[in-house]
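*Asks:* this one's structure only:
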């Protein structure tokens, strides 16, 4: 664990994305921390080896992004996420996962996780995802996105056809908005790309989520993946 930040510090004031990295495997944690250390403007300012340590750090540290291993001793990542949501800790949370964790994914989405990354992901995807989360977007690597899509329904084809039907019923503006969500863009980034006010984008996204039957940004991003609007598709 690193020394606590001074109380006067403010997340992001110096342009640095402050990250809490929680994983009970020291080698995995060191590897991910090493990857993030190569990225300009990202700093792993706190680390945790179990869920209790992660919860304490998330409550007391100034953070911009939390990366939680799904399976940890004492408290798993799902339990940590649930408690943070219940306590109103608003820092964006992404789950670090493996292909054996599929039974936890739906619950993490329900609880408001905004990102999913494989521990074996390409470093570029992890770094880009952390930046997207810090900017207010949702993010998961393409491999995780495709995996989530497969696991969300009985057949990928049925899910894809349903998503395409939903997208066909959208306006051109809504499709552009959905593509931005699928790419992990924040409201501000979507606003800039579409030449709209950020407040307008927020209103449009609310209507878009209703049209899609999506409860949150990640569910909308999954529809984008299923319809072929995600990154690397």
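*Replies:* Now that the structure is in, tell me what you want to look at. Nothing here was measured: the structure is a model prediction, and the numbers come from that model. Numbering: from 1, shown residues only.
*Asks:* Can you name the element that comes right after the lowest-mean-pLDDT helix or strand in the chain?
*Replies:* Within the chain, no helix or strand scores below helix 156-168, which has a mean of 66 by mean pLDDT, DSSP states H and E. Per DSSP states H and E, helix 156-168 leads on to helix 172-182 as the next helix or strand towards the C-terminus.
*Asks:* Helix, strand or coil: sort out the closest residue to residue 145 other than its chain neighbours for me.
*Replies:* If the residues on either side of it in the chain are set aside, residue 145 comes closest to residue 225, at 4.5 Å by Cβ to Cβ, 6 or more residues apart in numbering. Where you see a C-beta, it was placed from the backbone N, CA and C, and this is true even at glycine. Counting by DSSP: H, G, I helix; E, B strand; the rest coil, the backbone at residue 225 sits in helix.
*Asks:* gap between residue 225 and residue 68?
*Replies:* Distance, residue 225 to residue 68, by Cβ to Cβ, to the nearest Å: 22 Å.
*Asks:* ok, now residue 46?
*Replies:* Distance of residue 46 to residue 68, given as Cβ to Cβ: 12 Å.
*Asks:* For the two, work out which one has more neighbours and name it.
*Replies:* residue 68 (31 against 25; other Cβ atoms under 10 Å).
*Asks:* Can you name the residues that contact the closest residue to the more buried one other than its chain neighbours?
*Replies:* Take residue 68 and drop its neighbours on the chain: the residue closest to it by Cβ to Cβ, 6+ apart is residue 77, 3.8 Å away. Residues near residue 77 by Cβ atoms under 8 Å, 6 or more residues apart in numbering: 22, 51, 54, 68, 69, 70, 71, 95, 96, 104, 108.
*Asks:* Run the chain-centre distance for stretch 32-46.
*Replies:* Counting by Cα atoms, centre = their mean, to the nearest Å, stretch 32-46 is centred 17 Å from the centre of its parent chain.
*Asks:* got the residue ranges for the helices in this protein?
*Replies:* For the chain, the helices defined by DSSP state H cover 26-37, 51-60, 77-87, 102-110, 123-134, 142-151, 156-168, 172-182, 187-194, 198-212, 217-226.
*Asks:* mean pLDDT lowest for which of those helices?
*Replies:* Of all the helices of the chain, the segment with the smallest mean pLDDT is helix 156-168, scoring a mean of 66.
*Asks:* how far away is residue 208 from residue 124?
*Replies:* 28 Å.
*Asks:* quick one: which of those two has more around it?
*Replies:* residue 208 (21 against 11).
*Asks:* Can you give the domain ranges for the chain?
*Replies:* Structural domains assigned to the chain are 17-150, 154-226, following automatic domain parsing.
*Asks:* looking at the ones you listed, which is buried most?
*Replies:* Among the domains of the chain, domain 17-150 has the highest mean neighbour count (mean count of other Cβ atoms under 10 Å), at a mean of 19.
*Asks:* How far away from the center of its chain is that one?
*Replies:* 8 Å.
*Asks:* mind starting the numbering at 13 from now?
*Replies:* Shifting the count to begin at 13 puts that one at domain 29-162.
*Asks:* Give me the nearest residue to the residue nearest the centre of the chain, chain neighbours excluded.
*Replies:* Nearest to the mean C-alpha position of the chain, by Cα atoms, centre = their mean, lies residue 127 at 1.9 Å. Closest residue to residue 127 apart from its sequence neighbours, by Cβ to Cβ, 6+ apart: residue 106 at 2.9 Å.
*Asks:* Quickly note the distance from residue 223 to residue 185.
*Replies:* If you go by Cβ to Cβ, the gap between residue 223 and residue 185 works out to 12 Å.
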